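Sharing a model prediction with you, sequence too.
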Amino acid sequence: MSAAVDHDVIVSGAGPAGVATAVALTRDPALAGRVLCLDKARFPRDKPCGGGLTGHARAALAALDLEVRVPHVPCTEGRIVYGRHARDVRLERPVDVVRRRDFDADLVAQARARGVCVIEGEGLASFVVDEAARVVRVTTTTGRTLSARVLVGADGAGSRVRRALARDGRPPLRLFQAELPAPAGMDLGARMVYDFSPMDEGLRGYVWLFPVADGRVNVGAMHTPSRALSGAAIERVLARALARHGVELRDGARGWPAWRYRRGARVAAPHVLCVGDAAGIDALTGEGIAVGLEQGPIAARAVGAAIATRDFSFGRFGRDLRRAVVGRELALDGHLATLLYGRRLSAFWLSLVMFDEGVQRLYAARVSGSEILADRKRALFAALGRHALRAPARMRALSAS
């Protein structure tokens, strides 16, 4: 028999993934008042991130009746850069660039307005699953002991829940981010910049420059560890890349590791599951906000079914994530990241990104939220065939950079 519990569900983490899960859960009248969301931070708190809300993020927010109520810059264009080459790609719908400090705090406020109990300044310290009693016992960072039927790990890239479920032996992605005053004369307007030029210096990823409110710019770098590069080296590459755009990185950038989403990774166990950064971010772009917002309702459905049936194994949760749109897109981007960010710089794949307008339009539609790229594999293969014919000339043009 099941033991008495303090809560039906404890959600560890009140970022986008945690809020999305908790809000989706409390739509079930049977769970109203039975969901507790814990976060070790107090909001507003700083969160290193590019802060772009893609079309998929916007759709996920709307499905949960959540809004973007904080200052944001709607970007209607993306610019991809490599050396002297630059390509501007129009977006059907804008990507809204927010400050995560403001955005996350307001999501918590909206969650509370919908009846979610969010406790700040108290996070998850450890947990133990008591399968005999069919409960999970949580010890918090303040020393409290709480019990629940389900623990949802939405506790970010350093997730204690994920580490307890599985160790990923692969080195993580490395990301660095800073927010700076835009230099005099710089006007990104409604344009996001993705600069792949630092791949010549060993970076296996890109440098970004996004406009944010109040005349400032969000900058950063993502590195895939297919090639060894220390944190200090990544930061130096970032500084040099920004200098070419007229931006000075005076005080360095904040760095953090992150798991990549991987099909088959263990993201659930009896009474426990992971969402958002804890389950893995997009390996191609480093996108995490939309991923967490989309995975939250999937987790909520799995939790609701578990409570209704008393089957807390969550044996199908990983499969449910994989089959969902968000899982299919993550899997595709994992394959693309392997090709583009391999140990050796691949002029073949980079020239496809830089020069194939069809691929650029497809990806822009995906970013806008009007396209599911994982369902357009025929179009992607057609683009690859077209590129195979044009690759020699394109690679020569690329090398002239």
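Structure's in. What do you need? Computed from a predicted structure; not experimentally measured.

what's around residue 167, how many residues?
Neighbouring residues of residue 167 were enumerated by other CB atoms under 10 Å; the total is 8. For glycine as for every other residue, the C-beta is placed from the backbone atoms N, C-alpha and C.

And for residue 33?
In terms of burial, residue 33 registers 13 neighbours under the definition other CB under 10 Å.

separation between residue 197 and residue 353?
Residue 197 is 12 Å from residue 353, where distance means CB to CB, to the nearest Å.

And for residue 110?
As judged by CB to CB, residue 110 and residue 353 stand 37 Å apart.

Comparing those two, which residue is more hemmed in?
residue 353 (20 against 17).

quick one: which helix or strand includes the more buried one?
Taking DSSP states H and E as the definition, one finds residue 353 inside helix 347-355.

Does anything pack onto that helix? Which helices or strands?
Under the contact criterion of 3 or more CB pairs under 8 Å, 6 or more residues apart in numbering; DSSP states H and E, helix 347-355 touches strand 72-82, strand 85-98, helix 325-340, helix 357-368, helix 377-399.

for the longest one, which positions count as buried?
In other words, helix 377-399. Neighbour counts using 16 or more other CB atoms under 10 Å place 380, 383, 387, 391, 394, 395, 398 of helix 377-399 among the buried residues.

quick check: mean pLDDT across it?
Per-residue pLDDT values across helix 377-399 average out to 94.

go on, the first one?
In this model, strand 72-82 has a mean pLDDT of 97.

same question, the third one
For helix 325-340, the mean pLDDT works out to 96.

could you turn it into CSV, dropping everything but the C-alphas?
Taking Å, rounded to 0.1, in the frame of the first residue of the first chain, the C-alpha atoms of helix 325-340 are listed here in CSV:
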residue,chain,number,x,y,z
VAL,A,325,7.6,16.9,-31.9
VAL,A,326,10.2,18.2,-29.4
GLY,A,327,12.0,14.8,-29.3
ARG,A,328,12.0,14.3,-33.0
GLU,A,329,13.5,17.8,-33.5
LEU,A,330,16.1,17.2,-30.9
ALA,A,331,17.1,13.9,-32.4
LEU,A,332,17.5,15.5,-35.9
ASP,A,333,19.5,18.4,-34.5
GLY,A,334,21.7,15.8,-32.7
HIS,A,335,22.6,14.3,-36.1
LEU,A,336,23.1,17.6,-37.7
ALA,A,337,25.4,18.7,-34.9
THR,A,338,27.5,15.6,-35.3
LEU,A,339,28.0,16.5,-39.0
LEU,A,340,28.6,20.3,-38.6
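
who does it touch, helix- and strand-wise?
Using 3+ CB pairs under 8 Å, 6+ apart as the contact definition, the elements that helix 325-340 packs against are helix 55-63, helix 289-309, helix 317-323, helix 347-355.

how distant is the longest one from the center of its chain?
So the one you mean is helix 289-309. Remark: helix 289-309 is offset 17 Å from the chain centroid, using CA atoms, centre = their mean, to the nearest Å.

what angle sits between it and strand 85-98?
Calculated by axes from the mean of the first three to the mean of the last three CA atoms, to 10 degrees, helix 289-309 forms an angle of 50 degrees with strand 85-98.

The first one too?
An angle of 20 degrees separates the directions of helix 55-63 and strand 85-98 when computed by the same axes, to 10 degrees.

Just the angle for helix 55-63 relative to helix 357-368, thanks.
With the same axes, to 10 degrees as the criterion, the two stretches helix 55-63 and helix 357-368 enclose an angle of 20 degrees.

And the longest one, by the same measure?
Here helix 289-309 points in a direction 50 degrees away from that of helix 357-368 (the same axes, to 10 degrees).
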